[in-house]
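Enquirer: For reference, the sequence and a predicted model appear below.
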Amino acid sequence: MGVNTYELLDTKQLEVIKMGATVATNALLERKGTHTVLLITKGFKDALRIGYQNRPNLFALNIILPSMLYKDVIEVDERYDVQGHELKAISHKEVYQDLKQVYDQGIRSCAIVFMHSFRFPYHENQVSQIAKEIGFTQVSVSHQVSPLMKLVARGDTTVVDAYLSPILRRYIDRVLSQLPDVRLMFMKSDGGLVDANQFHGKDSILSGPAGGIVGAVKTSLRAGFKKIITFDMGGTSTDVAHFNGEYERQIDNKIAGIRIRVPMLSIHTVAAGGSSILFFDGFSFRVGPESAGANPGPACYRRGGPLTVTDANVMVGKISPSYFPAIFGTQENLPLDREIVNQKFTQLTQKFCCATGNLTNPEKVADGFILIAVQNMANAIKQVSLQKGFDVTKYTLTSFGGAGGQVCCLIADTLGITTIFLHPYAGVLSAYGMGLADLCVIQEKSVEELLTQELVSQLNTLGNELEIEGNNKLNSQTLEVKNKVKKKVNLKYQGTDSTLLINLLDTSETMVKLFEEEHQSRYGFIQSNKPLIVESISIEVIQQMETPEEPFIDRIRPLNESPKYLEIVQIFTHDSWHDTPIYRREDLQPQDNIKGPAIIVEKISTIIVEPNWKAILTEYNHLILQRY
């Protein structure tokens, strides 16, 4: 757009802005949301605090519970039974007095959670109207926020929405004030876009990582890959996900100790990134989970930081200071410091030799730490693939993030993957993914009934109603178009809690067969004698958006002429030093074939082609790494 630093943006050139938001996520992690009051059925004041009484650390003597998000609780004397009979009507006067009292204390946000309200919402609507009359600016009601069973998870989700939405709304208003007449859209945790006026706190928790998953999937599909493992390695953590024809989502989530029951992309995160700190305790090496962050950052950043995974890559020669910008040190004008890395690894090696009696050298120690980090990340990938019954060797590893290219070959070797895909925007794929994402609305409804043919007919009718609601939400945001619809149900064996998401079809027999196939693949057994329960129905309405095509590039050099390397350096890998050429990605042309070991440097990342791997550039500027 030709806009200089500090120059005002000409919004007339913009049609739409698509973005992610971490403001709500940070507020949740730091417990800096809006003061909120919880209104809950009388007798259940402490239900959210008690939770499910899970004991993740069975032998812990000092159990530290996460702090509650709500500041105050009002018990409302109301009740429906499970059949929808009103057992106790609401006292308008009592509710008004209780709400007015907390309003006068400065609280402006409320979460309303009543027993059985996911089916019988009349009381919640009554109290919601009272709160709005008093002047509450944020009123979150559970049957709208999370219209599913389970009071605790539904309640937590509603409180999260009330706690975060005001902060999110203030942020959106500030952005919109600077962008008049520009359509603003946000990435939701489920991988879909939504207009700013429909973006709520409960939808924003994984807004950033979701963009990366969408970007990885969309670009991989364009490159011709159908089965995909996404691998996003950043500074502090690594996010991985599985894709085989459709996005995997999970309803029951736990973020920062809070249960959130809304659809989110199924992303597994492990505390291993470029800034993960390296430890030696006198007996063994350990990588993370502690991180040096961006400040002070790794030791090579010249700010007194500890040794990290990035420093290990500097030590073995895989990261060269010559090809990094000179932005380090207190004045932010110096290159990476290789000398301090050598010094610290030499000291660590001496400590290791003295403690264990084993002689080694600094580069082997650094390489050992890299392999530990690789194993940690490979284990994360196993959790989203092998542990769910998928053969990971038949998948393509789509690597992105600032540090992904440095270890992707080692990750693939560990898992038996033979193909790696690296998009030219791999370093900023989370942002690029938001540009490729579609508008999406997911409508859910609790069912909790035995699966029968009669119920299937009712589900299809209910699905059509939810589809109309979803279409209305999408078509209120844009012109009338034909939307894509996916209809699914959450099925489980009677007497169990673990559900599987299955396509809603015309016959119950076909759905039972699909469920048993998925259950056998996931858990290794089926229980044919047990009836199935439909826990809920989920309707996803998708409106595909126009996205830019991948640019096509031509080969200029003759086919028999190889790309010129910048220089040859030494890297330590596979237990020995190797002469390794360095190439610039922009110097590569379609059909170039580079055999490892090699280093390919980009403006925003570094790619290591390990021995027994080769890099091939396609006419769409996609870099494909293949094991040979």
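Expert: That came through fine.
Enquirer: from the middle of its chain, how far away would the helix or strand where residue 220 lies be?
Expert: For residue 220, the host element (DSSP states H and E) is helix 207-222. Centroid separation for helix 207-222 versus its chain: 10 Å, with CA atoms, centre = their mean, to the nearest Å.
Enquirer: With just CA atoms, put that helix into PDB.
Expert: C-alpha atoms of helix 207-222 as PDB (Å, rounded to 0.1, in the frame of the first residue of the first chain):
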ATOM      1  CA  SER A 207      -8.100 -16.400  18.100                       C
ATOM      2  CA  GLY A 208      -4.400 -16.200  17.200                       C
ATOM      3  CA  PRO A 209      -3.400 -19.900  17.100                       C
ATOM      4  CA  ALA A 210      -6.600 -20.700  15.100                       C
ATOM      5  CA  GLY A 211      -5.400 -18.400  12.300                       C
ATOM      6  CA  GLY A 212      -2.200 -20.500  12.000                       C
ATOM      7  CA  ILE A 213      -4.200 -23.800  11.800                       C
ATOM      8  CA  VAL A 214      -6.500 -22.400   9.100                       C
ATOM      9  CA  GLY A 215      -3.500 -20.900   7.200                       C
ATOM     10  CA  ALA A 216      -1.600 -24.200   7.300                       C
ATOM     11  CA  VAL A 217      -4.600 -26.200   6.200                       C
ATOM     12  CA  LYS A 218      -5.700 -23.900   3.400                       C
ATOM     13  CA  THR A 219      -2.200 -23.500   1.900                       C
ATOM     14  CA  SER A 220      -1.500 -27.300   2.200                       C
ATOM     15  CA  LEU A 221      -4.700 -28.100   0.400                       C
ATOM     16  CA  ARG A 222      -3.800 -25.700  -2.400                       C
END
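Enquirer: Report the buried residues of stretch 255-267.
Expert: 257, 258, 259, 260, 261, 262, 263, 264, 265, 266, 267 (16 or more other CB atoms under 10 Å). Any C-beta I mention is one placed from the backbone N, CA and C, and that applies to glycine too.
Enquirer: quick one: low-confidence parts of the stretch 1-150 of the chain?
Expert: The model of the stretch 1-150 of the chain has pLDDT under 70 over residues 1-7.
Enquirer: could you redo the last one with a cut-off of 90?
Expert: Filtered on pLDDT under 90, the stretch 1-150 of the chain yields the residue ranges 1-32, 50-68, 81-84, 119, 146-150.
Enquirer: do the stretch 501-628 of the chain as well
Expert: Applying pLDDT under 90 to the stretch 501-628 of the chain picks out residues 506, 521-524, 528-529, 543-555, 557-562, 596, 602-605.
Enquirer: Can you show me the helices along it?
Expert: Taking DSSP state H, counting those that start in this stretch as the test, the helices found in the stretch 501-628 of the chain are 508-523.
Enquirer: now do the chain
Expert: Assigned by DSSP state H, the helices in the chain fall at 23-30, 47-50, 92-104, 122-134, 142-145, 151-178, 207-222, 309-315, 338-356, 362-384, 404-415, 429-436, 453-475, 508-523.
Enquirer: so which of the ones you listed is the most packed in?
Expert: Compared across those, helix 309-315 shows the largest average neighbour count, a mean of 28 (mean count of other CB atoms under 10 Å).
Enquirer: other SSEs contacting that one?
Expert: strand 276-280, helix 338-356, helix 362-384 (3 or more CB pairs under 8 Å, 6 or more residues apart in numbering; DSSP states H and E).
Enquirer: For the ones you listed, give me JSON lines that also has distance to residue 86 and mean pLDDT.
Expert: Converted to JSON lines, the helices and strands packed on helix 309-315 look like this (distance: least, CB to CB, whole Å; pLDDT from 0 to 100):
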{"stretch": "strand 276-280", "distance to residue 86": "56", "mean pLDDT": "91"}
{"stretch": "helix 338-356", "distance to residue 86": "70", "mean pLDDT": "92"}
{"stretch": "helix 362-384", "distance to residue 86": "45", "mean pLDDT": "93"}
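Enquirer: how about the ones you listed in JSON lines, adding distance to residue 413?
Expert: Formatted as JSON lines, the helices and strands packed on helix 309-315 follow (distance: least, CB to CB, whole Å):
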{"stretch": "strand 276-280", "distance to residue 413": "20"}
{"stretch": "helix 338-356", "distance to residue 413": "24"}
{"stretch": "helix 362-384", "distance to residue 413": "9"}
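Enquirer: Of those, which is nearest residue 462?
Expert: helix 362-384 (31.0 Å; CB to CB).
Enquirer: how close does the residue nearest in space to the middle of the chain get to residue 432?
Expert: Centroid-nearest residue in the chain, with CA atoms, centre = their mean: residue 209, separated by 3.6 Å. According to CB to CB, to the nearest Å, residue 209 stands 14 Å off from residue 432.
Enquirer: For the residue of the chain positioned farthest from its centre, give me its contacts.
Expert: Going by CA atoms, centre = their mean, the residue of the chain most distant from its centre is residue 93, 44.5 Å out. Under the criterion of CB atoms under 8 Å, 6 or more residues apart in numbering, residue 93 has no contact partners.
Enquirer: Residue 428 now?
Expert: Contact analysis of residue 428 by CB under 8 Å, 6+ apart lists residue 604.
Enquirer: Please repeat the previous calculation with a cut-off of 6 Å.
Expert: Contacts for residue 428 were tallied using CB atoms under 6 Å, 6 or more residues apart in numbering; there are none.
Enquirer: just residue 120 next, same as before
Expert: Per CB under 6 Å, 6+ apart, neighbours of residue 120: 80, 84.
Enquirer: how close does it sit to residue 111?
Expert: From residue 120 to residue 111 the distance is 18 Å (CB to CB).
Enquirer: Verify the stated contact: residue 404 with residue 234.
Expert: No. Contact between residue 404 and residue 234 fails when scored by CB atoms under 6 Å: they sit 8.4 Å apart.
Enquirer: and for these two, which residues touch both?
Expert: Counting by CB under 6 Å, 6+ apart, no residue touches both residue 404 and residue 234.
Enquirer: what about the helices of the chain, which gets the closest to residue 15?
Expert: helix 429-436 (12.2 Å).
Enquirer: The stretch 501-628 of the chain: strands as residue ranges?
Expert: 532-543, 567-573, 576-584, 593-595, 598-601, 606-609, 613-617, 623-627 (DSSP state E, counting those that start in this stretch).
Enquirer: okay, those in CSV with mean neighbour count and distance to residue 361 next?
Expert: Putting the strands of the stretch 501-628 of the chain into CSV (neighbours: other CB atoms under 10 Å; distance: least, CB to CB, whole Å) gives the following:
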stretch, mean neighbour count, distance to residue 361
strand 532-543, 22, 55
strand 567-573, 17, 9
strand 576-584, 16, 11
strand 593-595, 16, 27
strand 598-601, 24, 22
strand 606-609, 24, 20
strand 613-617, 20, 25
strand 623-627, 20, 28
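Enquirer: Can you check which of these gets nearest to residue 134?
Expert: Between the strands of the stretch 501-628 of the chain, strand 532-543 lies closest to residue 134; by CB to CB that is 33.2 Å.
Enquirer: That closest one: partners in the sheet, and parallel or antiparallel?
Expert: strand 439-450 (antiparallel), strand 484-493 (antiparallel) (DSSP bridges).
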